[in-house]
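# Structure of the sequence below:
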Amino acid sequence: MKRLLLVAAGLPLAAALTAVHPGAAAAEKPPAVADSCVAPDLVSPPDARILSVSAVPKQGGTLTYPPQPGATEPPPPVTGVPPYCQVDVTLTHGSAGDRELIQVWLPATGWNGRFQALGGSGYLGGDFGPSLPTAVKAGYAVGTTDAGATPTTGFTADWALTDDGQVNKTVLKNFAERGPHELAVLGKAITKDFYGRAAHHAYWNGCSTGGRQGYMEAQRHPGDFDGILANAPAISWDRFAVGDLWPYVVMNEEDNHFAPCELNAFTAAATASCDGDDGVVDGIVGNSIACDFDAASLVGEKVLCDGEELTISAHDAAVVEKIWDGPRTADGKQLWFGLTPTANLGYLAGPAPFPVASSWVQNLLEKDPTFDVSTITYADYERLFAQSVDEYHKVIGSDDTDLSGLRRSGAKLLTWHGGDDQLVPLAGTLRYREKVARRFGDIDDFYRVFVAPGASHCQAGAGPAPTDPLGALVAWVENGHAPTTLAATSVAPDGTTTAREICLYPRTSHLSGDSFTCR
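Here you go, the predicted structure:
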């Protein structure tokens with residue numbers, strides 16, 4: 001099942017999708033933190049009411065987490081976690097009856113003076129998994145929020161409808177914008193109360209949904225954070241969420257569904273065609289957005305699928321080209337972007353629809369969780385796409401190019417996106433970046449984008465992912481060291497290590513002698 005593949009790949013659209021809050025830390029009170037770990041007096045953010053505040057000392061040590069939904073193995077335990085104070089704040093908004101949890105972990109020793117906020121994934125508002133203790137180990141006061149959005153799995157927006165079948169606008173606003181902002185306000189206040197002084201810098205850290213949230217913060221609440229790390233951002237969510245359903249609709253309408261090996265054959269051929277453009281043939285395409293591979297060149301090729309020989313037809317190639325091209329109207333107007341030809345097609349063009357996309361259509365557009373997305377025609381799709389933009393762009397679009405508030409505040413926005421991202425089209429991020437550049441001219445003083453060749457969604461793929469982008473952001477914010485490259489490494493199953501410097505967009509890396517340089 002594709003759902004299992006999504007989780008097994010460790011994708012943070014997925015990060016995971018550990019919706020269960022951990023209870024792994026020992027319950028006894030460590031002397032170093034017990035006396036100071038008390039519930040703070042907090043002022044409710046605007047439009048919110050605090051229902052409860054609690055503070056519990058935690059021993060730290062080794063923290064373990066259950067397997068993510070669909071996975072058979074749990075994530076690695078986090079060892080050496082220092083004692084910390086866990087503060088939980090529950091909020092509600094108006095008379096909606098929503099319950100939003102904000103949770104902050106405060107290391108008893110070794111605080112580095114910074115506050116870090118963790119973004120969500122899929123339809124989860126935050127990250128309650130191993131990222132919390134990992135940040136505490138690094139010395140951060142760290143927080144996250146569920147935004148009052150508590151799905152059955154991170155792939156489904158089953159929180160989006162009220163009992164009477166109406167869109168839960170309160171929780172949707174929490175998920176889209178309000179939750180991260182309230183996390184910033186209360187997280188920094190809790191940190192100041194605990195340590196007796198404010199954090200000298202605050203940072204956002206998120207990918208996919210967390211990337212979208214980071215962009216929303218940069219656009220609407222530019223004073224919340226000094227630095228925003230927003231990777232593979234699912235911005236233009238009103239378009240992206242329907243756009244990711246396009247491959248499924250195309251296959252149904254064209255009555256042509258693919259075996260995994262057929263999809264892999266197209267991806268492998270595109271990669272082979274464009275590999276070497278960066279000066280080396282290594283299975284990593286240096287500039288996948290510029291890879292102009294003609295799927296029709298595979299017509300007549302034979303592929304072996306589970307012992308059966310299949311021949312690529314002209315119809316197969318036409319369908320793949322239509323998927324790569326991305327959704328269009330009947331008269332050819334582009335609605336959104338397709339994936340790069342080097343990205344794995346199996347997640348969006350598999351036998352089942354991508355659940356994040358199908359759940360958006362079912363819950364937010366049709367307002368019917370049982371709606372059968374396999375019945376969607378091209379005409380239906382065009383209507384649903386327009387409906388999504390009309391009803392939800394102002395709520396969750398997060399692609400406003402006016403970053404003047406961020407620039408004035410002195411804050412920095414840093415993004416990396418995988419060249420082989422199989423869930424969030426790279427072209428969406430690059431289009432946004434180009435529109436900001438047209439608006440402001442030179443944007444490198446406050447906004448930088450890096451494309452990681454061969455990397456997949458929020459992690460390494462054929463190519464490595466950046467190893468410490470948050471560290472690069474901190475150095476930029478606090479020391480003025482604006483990154484021109486991001487160090488990236490990955491380790492293959494055979495133990496082979498791949499290292500590369502990821503270039504500041506629009507530059508791409510090319511092999512020059514024994515090393516890569518940016519052009």
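
# quick one: the strands in the stretch 201-350 of the chain?
Secondary structure of the stretch 201-350 of the chain (DSSP state E, counting those that start in this stretch): strands located at 201-207, 227-231, 302-305, 308-311.

# need the helices for the stretch 101-250 of the chain, in chain order.
131-137, 169-173, 179-195, 209-220, 237-243, 246-253 (DSSP state H, counting those that start in this stretch).

# Figure out which of these is closest to A499.
Taking CB to CB as the criterion, helix 131-137 is the member of the helices of the stretch 101-250 of the chain that comes nearest to A499, at 22.2 Å. The way it works is simple: take the backbone N, C-alpha and C, and place the C-beta from them, glycine included.

# name the helices or strands packed onto that closest one?
Helix 131-137 sits against strand 78-81, strand 100-107, strand 114-118, strand 141-145, with contacts defined as 3 or more CB pairs under 8 Å, 6 or more residues apart in numbering; DSSP states H and E.

# Could you list the buried residues of the first one?
This points to strand 78-81. In terms of neighbour count (16 or more other CB atoms under 10 Å), strand 78-81 has its buried residues at 78, 81.

# For W416, give its distance to F450.
Look at W416 and F450: by CB to CB, to the nearest Å, they are 4 Å apart.

# what does whichever strand or helix holds A386 contact?
Assigned by DSSP states H and E, A386 belongs to helix 378-396. Identification of contacts with helix 378-396 by CB atoms under 8 Å, 6 or more residues apart in numbering yields 172-173, 175-177, 212, 216, 237-239, 241-243, 245-246, 249, 253, 327, 329-330, 335-336, 360-361, 364-365, 376.

# For my notes, please list the helices and strands packed on helix 131-137 in a markdown table and give mean pLDDT for each entry.
Output for the helices and strands packed on helix 131-137, formatted as a markdown table (pLDDT from 0 to 100):
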| stretch | mean pLDDT |
| --- | --- |
| strand 78-81 | 97 |
| strand 100-107 | 98 |
| strand 114-118 | 98 |
| strand 141-145 | 98 |
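
# on that earlier part again, now do the helix or strand following the helix holding A386: which elements does it pack against?
Scanning forward in sequence from helix 378-396 by DSSP H and E, the next helix or strand is helix 404-409. Applying 3+ CB pairs under 8 Å, 6+ apart, we find helix 404-409 packed against helix 209-220.

# and the helix it packs on, what's its mean pLDDT?
If you average the pLDDT over helix 209-220, you get 98.

# Same question for stretch 317-330.
Mean per-residue pLDDT for stretch 317-330: 98.

# What of stretch 396-416?
Stretch 396-416 comes out with an average pLDDT of 98.

# Any quick ChimeraX command for the buried ones out of the contacts of helix 378-396?
Buried subset of the contacts of helix 378-396, written as a ChimeraX selection, criterion 16+ other CB under 10 Å:
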select :172,173,175,176,177,212,216,237,238,239,241,242,243,245,246,249,253,327,335,336,360,361,364,365,376
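
# Please identify the buried residues of stretch 104-118?
Buried residues in stretch 104-118, counted by 16+ other CB under 10 Å: 104-108, 111, 114-118.

# which sections of the stretch 251-400 of the chain are below the confidence cut-off?
For the stretch 251-400 of the chain, no stretch is flagged by pLDDT under 70.

# can you pull out the helices in it?
Under the criterion DSSP H, counting those that start in this stretch, the stretch 251-400 of the chain contains helices at 260-274, 314-325, 355-359, 378-396.

# In terms of secondary structure, what does the third one contact?
Applying 3+ CB pairs under 8 Å, 6+ apart, one finds that helix 355-359 makes contact with helix 237-243.

# Restricting to C-alpha, output the helix it packs on in PDB.
Extracted C-alpha coordinates of helix 237-243, given in PDB (Å, rounded to 0.1, in the frame of the first residue of the first chain):
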ATOM      1  CA  TRP A 237      -2.000  24.500   0.000                       C
ATOM      2  CA  ASP A 238      -5.400  25.300  -1.600                       C
ATOM      3  CA  ARG A 239      -3.700  24.400  -5.000                       C
ATOM      4  CA  PHE A 240      -1.200  21.800  -3.800                       C
ATOM      5  CA  ALA A 241      -3.800  19.700  -1.900                       C
ATOM      6  CA  VAL A 242      -5.900  19.300  -5.100                       C
ATOM      7  CA  GLY A 243      -2.900  19.200  -7.400                       C
END
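
# middle-most residue in this structure, spatially?
Nearest to the geometric centre of the chain sits S208, at 1.1 Å (CA atoms, centre = their mean).

# quick one: it and T517, what's the gap?
Distance from S208 to T517, by CB to CB: 30 Å.

# give the contact list for P341.
So P341 contacts 266-267, 270-271, 274, 288, 291, 293, 324 (CB under 8 Å, 6+ apart).

# give me that answer again for 7 Å
Counting by CB atoms under 7 Å, 6 or more residues apart in numbering, P341 makes contact with 270, 291, 293, 324.
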